[in-house]
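In: Structure, please.
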Amino acid sequence: MWGAIEHLGRDGRTGGYLRDAWSPADLELREWFRQEAARRGLDLREDRNGNLWAWRGDPSRRPGVVTGSHLDSVRQGGAFDGPLGIVSAFAALDLLDARGFAPDRPLGIACFTDEEGARFGVPCTGSRLLTGVLDPDRARGLTDDDGSRLADVLRRAGRDPGALGRDDETLGHVGAFVELHVEQGRGLVHAGAPVGVASAIWPHGRWRFDFRGRADHAGTTRLEDRDDPMLPFARTVLRARESARRRGVVATFGRLRVSPGSANAIPGLVSAWLDARGGDAAAVRALVAELAESSGAEVGEESWTPAVDFDAALRDRLASAAGAVVAAARSAGRRPSAGHGPEDGSAPEPPAGPVPVLPTGAGHDAGILAAAGVPSAMVFVRNPTGISHSPEEHAEASDCHLGVAALAATLEELCRS
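Out: Next up, the predicted model:
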């Protein structure tokens, strides 16, 4: 399965991936998902917001157990963020089928649309619409870099933008959700563990800062006659870093749009997007308020996700199942790959018992579902580089296999309850 999709949307120059929502690459990946579902005889459904659901059993008769992730990527991102969870979901189902397991509850695989928000600016668009967190009118009016509205993009893809919105019928089919994801950090590397479990997702948000000035000629306008919005933007970038360090959070200006965008023109408008996150929501909010006041920019909030604690009982079941899988691999002499730390090139022996449970600063569809009241949990697979949203993102095959085994064991237990 991995070999069938690893080339889709890949930039041959950089090795990174370009898989914007509803782009040709994304549509190819969605077709691949359909084919994998058909090959297993699953009932494939697409909800009103473009999310895909592949079911074994009828979830309208009893809410089911669902796993899955997303297939879109950040621009120039890595191969594992999202697709690893989809491939692992199919692999876990195959593992259960090979054992002859017949679930007592419906079992589903979900593929959420536009989790990254790379094209239209709002992350987890599909799950936010599903749960009613994102207003459908706002969603329809979102535009990409070319000025295309999401509504028009959906029409060109053969979907009805008028159908967007909270979908209680689909949401009611999900009795529990477990998402497998590559770790986006070094927690498991430092712990010497091939897999781990998420405890919570930090609060996080995105804000747009518009710095307005006056466009003019770069060669004929004296410095003292300029109203260059790039200067207050630059000061704001430095202030964001200082404020984040002082408050114990993280802040990043990672996207910038300059108008008119010519090398020989002083900008008239600089639009910049701030991503801010941290364990303390008040500290994140205070940082944004400070920057809004000091920058002189027009500031608009584009998304905000409060802190999310995953379901404690489901989290603990997942951690125990993953720990048993790791212990079994060790006792069988198949020591999980150690991974590679940033300094010494090795990691300690994985601990026995339940796997590490750690919070994350990365947002996920599982967090959106959890906030909506769906019992949800996440299992992480070690990333030996510790780098994500980059072509350097990685996961070892042996660790991925353990992640699949832990996921399958959890799904089996949940489908018996």
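In: ok, now which ones touch the residue lying closest to Arg40 once chain neighbours are set aside?
Out: Beyond its immediate neighbours in the sequence, the residue positioned closest to Arg40 (Cβ to Cβ, 6 or more residues apart in numbering) is Leu93, lying 6.6 Å away. Placement of C-beta: from N, CA and C, glycine included. By Cβ atoms under 8 Å, 6 or more residues apart in numbering, the residues touching Leu93 are Arg40, Arg56, Leu107, Ile109, Ala408, Leu411.
In: Using PyMOL, define a selection of the buried residues within those residues.
Out: This is the PyMOL syntax for the buried subset of the contacts of Leu93, where burial follows 16 or more other Cβ atoms under 10 Å:
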select buried, resi 56+107+109+408+411
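In: out of the contacts of Leu93, which one sits closest to Asp365?
Out: Looking at those and their distance to Asp365, the nearest is Ile109, at 12.8 Å (Cβ to Cβ).
In: That closest one: what secondary structure?
Out: Three-state assignment for Ile109 (DSSP: H, G, I helix; E, B strand; the rest coil): strand.
In: From here on, call the first residue 853.
Out: In the new numbering, first residue 853, that becomes Ile961.
In: For it, which residues count as its bridge partners?
Out: Beta-bridge pairing of Ile961, defined through DSSP bridges, involves Ala906, Thr919.
In: coming back round to it: how about the backbone phi and psi for the residue nearest to Arg892?
Out: Taking degrees, to the nearest 10, you get phi -60, psi -40 for the backbone angles of Leu945.
In: Could you check the pLDDT of it?
Out: pLDDT recorded at Leu945 is 98.
In: distance of it from Leu1263?
Out: Taken as Cβ to Cβ, to the nearest Å, the spacing of Leu945 relative to Leu1263 amounts to 8 Å.
In: Next, show the common contact partners of those two.
Out: Looking at what touches both Leu945 and Leu1263 (by Cβ under 8 Å, 6+ apart), the common residues are Leu959.
In: element containing the residue lying closest to Ala890 once chain neighbours are set aside?
Out: Distances taken as Cβ to Cβ, 6+ apart place Leu896 nearest to Ala890, at 6.9 Å, with adjacent residues excluded. With elements taken from DSSP states H and E, the one containing Leu896 is strand 895-898.
In: Report the buried residues of that strand.
Out: Leu896.
In: Which residues does it contact?
Out: Outside of strand 895-898, the residues that reach it under the criterion Cβ under 8 Å, 6+ apart are Arg886, Ala889, Ala890, Leu904, Trp905, Ala906, Trp907, Arg908, Asp910, Thr1022.
In: Which one (most neighbours) among those?
Out: The most crowded member of the contacts of strand 895-898, judged by other Cβ atoms under 10 Å, is Ala906 (26 neighbours).
In: Please verify my assumption that it contacts Ala889.
Out: Yes - taking contacts as Cβ atoms under 8 Å, Ala906 lies within contact range of Ala889: 3.7 Å.
In: So which residues of the stretch 853-1002 of the chain form strands?
Out: Taking DSSP state E, counting those that start in this stretch to define them, one finds strands in the stretch 853-1002 of the chain at 895-898, 904-908, 916-922, 959-964.
In: now those as TSV including mean pLDDT and distance to Ala1141?
Out: TSV is the format used below for the strands of the stretch 853-1002 of the chain (pLDDT from 0 to 100; distance: least, Cβ to Cβ, whole Å):
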stretch	mean pLDDT	distance to Ala1141
strand 895-898	98	41
strand 904-908	98	39
strand 916-922	98	32
strand 959-964	98	31
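In: how far does the host helix or strand of Arg1098 sit from the chain's center?
Out: According to DSSP H and E, Arg1098 maps onto helix 1082-1099. Using Cα atoms, centre = their mean, to the nearest Å, the distance from the centre of helix 1082-1099 to the centre of the chain it belongs to is 26 Å.
In: what's the angle from the helix or strand following it to helix 1082-1099?
Out: The helix or strand immediately downstream of helix 1082-1099 is strand 1102-1111, counting by DSSP H and E. Orientation of strand 1102-1111 against helix 1082-1099 (axes from the mean of the first three to the mean of the last three Cα atoms, to 10 degrees) gives an angle of 170 degrees.
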